[in-house]
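Q: turn this into a structure:
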Amino acid sequence: SLLAAAKHAHLLSQAGRFGVAAEAKIDFAEAMAHVERVIASIAPNDSIERFTALGVKVIQAEASFKDTRTVVAGEYTIRARRFVIATGSRPAAPPIPGLDQVPFLTNETIFERAQRPPHLIVIGGGPVGLELAQAHRRLGSRVSVVEAADALGNDDPELAATVLKSLRAEGIELLEHTEVKRADKLGSNGIRIHVMGPDGTRTLDGSHLLVATGRRPNLEALSLERAGIAFDAKGICVSSTLRTTNRRAYAIGDVAGGLQFTHVANHHAGLVIRALLFRLPARENRSIIPRVTYTAPELAQIGLTERQARQKHRGVRVLRHSFSDSDRARAEDETEGFMKLVLGRGGRVLGVSIVGHGAGEMMHFWSLALSRRMRARDLASYVAPYPTFGEIGRKAAL
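A: Residues are numbered from 1 along each chain as shown. Purely as a prediction, here's the structure:
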């Protein structure tokens, strides 16, 4: 929702390219009110009232295991044939000296502010950090991002470079391979961080600090050891069927120690339902899980990157097609970006990486292609509507 507000502000600022005279007047409080309205409209789907109406008994209490087949929650003691642990995760704060003495925001608390941060410092150059950095920059804040390694380090570096170039062009200060050594409170309302990077040490002074360095699974209150459930710092240890070391218990979503996306949690839930209610085979296949970074341009990935594919397979071919060769991209002046189609022997699709406008929406098609083990000839045979961004994939296959 915040990204959508920022997108509209940016489009107005760029409208002159299309012969449209426009000026963006940003009301940050109203942008945050838009976020609240969207949350309120979605909330009924996850409400206690809805689940109760569906016949679900909702117990509002913290749960913990008493033994391998018993859970205690408030005044309730529950023995069940199966348990599903879906406690999610929370933002993790890195062990930076002084950080516990200064006020900082996370991706959960930053939406509580109605005033625009004059200078937002972001620790963490992953998807969440960069998405929020760009949104605030487009809504009028000065933004600095500090990343200890490579920004977007889990993505194909060739595509990540396109995103980072755009962020810097919009005025975001992006410091890679830079370590935060200490955080201090500056005056009554400011933050100062001391960093060390390729050019030595320096300080950054800002009005607000956002920590976006990953998430930690919610495990502490569960008493997992009483239930014989193994876990580590990443989360609960599960098999490919999402079953824990206690055969009565499953773990899904962020707490299962894998990819941390809402669509992964939904996928896990479906697998567990198949296994528990219908006795159908259901195994997690992480190679068909798409991931998207909702910056502008968007970066979407599924399956193996080029580097991963060359490490695991022989005879790998990489087919590219640029957005600049798309007539729709030219019409909308969204020519920045390209697609990489990674093929194995026989033309089977091993992975797809897209950077550019609408990359996340295009990933629907490619998610189906990987889940059905399609080959290049399958992709070249369908008819794509013209002019669309999605026809880039068919042109790559051709």
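Q: could you use CA atoms for every contact and neighbour count after this?
A: Fine.
Q: now for Ile172: which residues touch it?
A: The contact partners of Ile172, taken as Cα atoms under 8 Å, 6 or more residues apart in numbering, are Ala133, Gln134, Arg137, Arg142, Val143, Ser144, Val145.
Q: quick one: mean pLDDT over stretch 367-381.
A: The pLDDT scores in stretch 367-381 average 92.
Q: need the residues that contact that stretch.
A: Outside stretch 367-381, the residues touching it (Cα under 8 Å, 6+ apart) are 287-290, 302-303, 343, 346-351, 393-395, 397-398.
Q: can you give me the offset of it from its chain's centre?
A: Taking Cα atoms, centre = their mean, to the nearest Å, the mean C-alpha location of stretch 367-381 is offset from the chain mean by 25 Å.
Q: so for that stretch, what gets flagged as buried?
A: Within stretch 367-381, the residues that count as buried by 16 or more other Cα atoms under 10 Å are Ser367, Ala369, Leu370, Met374, Arg375, Ala376, Leu379.
Q: want to throw those into TSV with secondary structure?
A: Output for the buried residues of stretch 367-381, formatted as TSV (DSSP: H, G, I helix; E, B strand; the rest coil):
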residue	secondary structure
Ser367	helix
Ala369	helix
Leu370	helix
Met374	coil
Arg375	strand
Ala376	helix
Leu379	helix
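Q: which two of these have the greatest separation?
A: Ser367 and Ala376 (14.3 Å; Cα to Cα).
Q: could you pull out the helices for the stretch 201-350 of the chain?
A: For the stretch 201-350 of the chain, helices defined by DSSP state H, counting those that start in this stretch occupy the ranges 262-278, 306-312, 327-331.
Q: these two touch, right, His136 and Ala6?
A: Yes - with contacts counted by Cα atoms under 8 Å, His136 reaches Ala6, the gap being 7.3 Å.
Q: higher neighbour count, those two?
A: Remark: of His136 and Ala6, His136 carries more neighbours, 24 against 21, as counted by other Cα atoms under 10 Å.
Q: ok, now how distant is the more buried one from Glu334?
A: 21 Å (Cα to Cα, to the nearest Å).
Q: residues contacting Thr77?
A: Residues counted as contacts of Thr77 (Cα under 8 Å, 6+ apart) are Thr70, Val71.
Q: now with 10 Å, please.
A: Contacts for Thr77 were tallied using Cα atoms under 10 Å, 6 or more residues apart in numbering; they are Ala63, Ser64, Phe65, Lys66, Thr70, Val71.
Q: got a markdown table for these, with distance to Arg283, secondary structure and neighbour count too?
A: Shown next, in a markdown table, are those (distance: Cα to Cα, whole Å; DSSP: H, G, I helix; E, B strand; the rest coil; neighbours: other Cα atoms under 10 Å):
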| residue | distance to Arg283 | secondary structure | neighbour count |
| --- | --- | --- | --- |
| Ala63 | 27 | strand | 18 |
| Ser64 | 27 | strand | 20 |
| Phe65 | 26 | strand | 21 |
| Lys66 | 29 | strand | 19 |
| Thr70 | 26 | strand | 17 |
| Val71 | 26 | strand | 20 |
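Q: okay, those residues in a markdown table with pLDDT and distance to Asp27 next?
A: A markdown table is the format used below for these (pLDDT from 0 to 100; distance: Cα to Cα, whole Å):
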| residue | pLDDT | distance to Asp27 |
| --- | --- | --- |
| Ala63 | 97 | 42 |
| Ser64 | 98 | 45 |
| Phe65 | 98 | 48 |
| Lys66 | 97 | 52 |
| Thr70 | 98 | 52 |
| Val71 | 98 | 48 |
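Q: just name the closest of those residues to Phe104, please.
A: Using Cα to Cα, the contacts of Thr77 come closest to Phe104 at Ala63, 29.2 Å.
Q: and that closest one, how far from Glu336?
A: Distance from Ala63 to Glu336, by Cα to Cα: 49 Å.
Q: same thing with Arg215?
A: Distance, Arg215 to Glu336, using Cα to Cα: 31 Å.
Q: what of Gln101?
A: From Gln101 to Glu336 the distance is 42 Å (Cα to Cα).
Q: who touches stretch 223-240?
A: Under the contact criterion Cα under 10 Å, 6+ apart, stretch 223-240 has outside partners 63-71, 85, 88-89, 215-219, 242-258, 282-286.
Q: thinking again about what came up before, let me know the closest of the contacts of Thr77 to Thr262.
A: Closest to Thr262, out of all of those and judged by Cα to Cα, is Ala63, at 22.3 Å.
Q: residues contacting that closest one?
A: Val71, Val72, Ala73, Gly74, Tyr76, Thr77, Ile78, Thr87, Ala221, Leu222, Ser223.
Q: one more: Gly214?
A: Contacts of Gly214 by Cα under 10 Å, 6+ apart are 89-94, 106-107, 124, 126-129, 260.
Q: at 8 Å what do you get?
A: Pro91, Ala92, Ala93.
Q: list phi and psi for it.
A: Backbone torsions for Gly214, taken as degrees, to the nearest 10, come to phi 110, psi -180.
Q: mind checking pLDDT for it?
A: pLDDT at Gly214 comes out at 93.
Q: quick one: mean pLDDT for stretch 217-227?
A: 97.
Q: would you mind measuring from Thr203 to Arg168?
A: For Thr203, the distance to Arg168 - Cα to Cα - is 20 Å.
Q: out of the contacts of Thr77, who's nearest Arg113?
A: For the contacts of Thr77, the nearest to Arg113 is Ala63 (31.6 Å; Cα to Cα).
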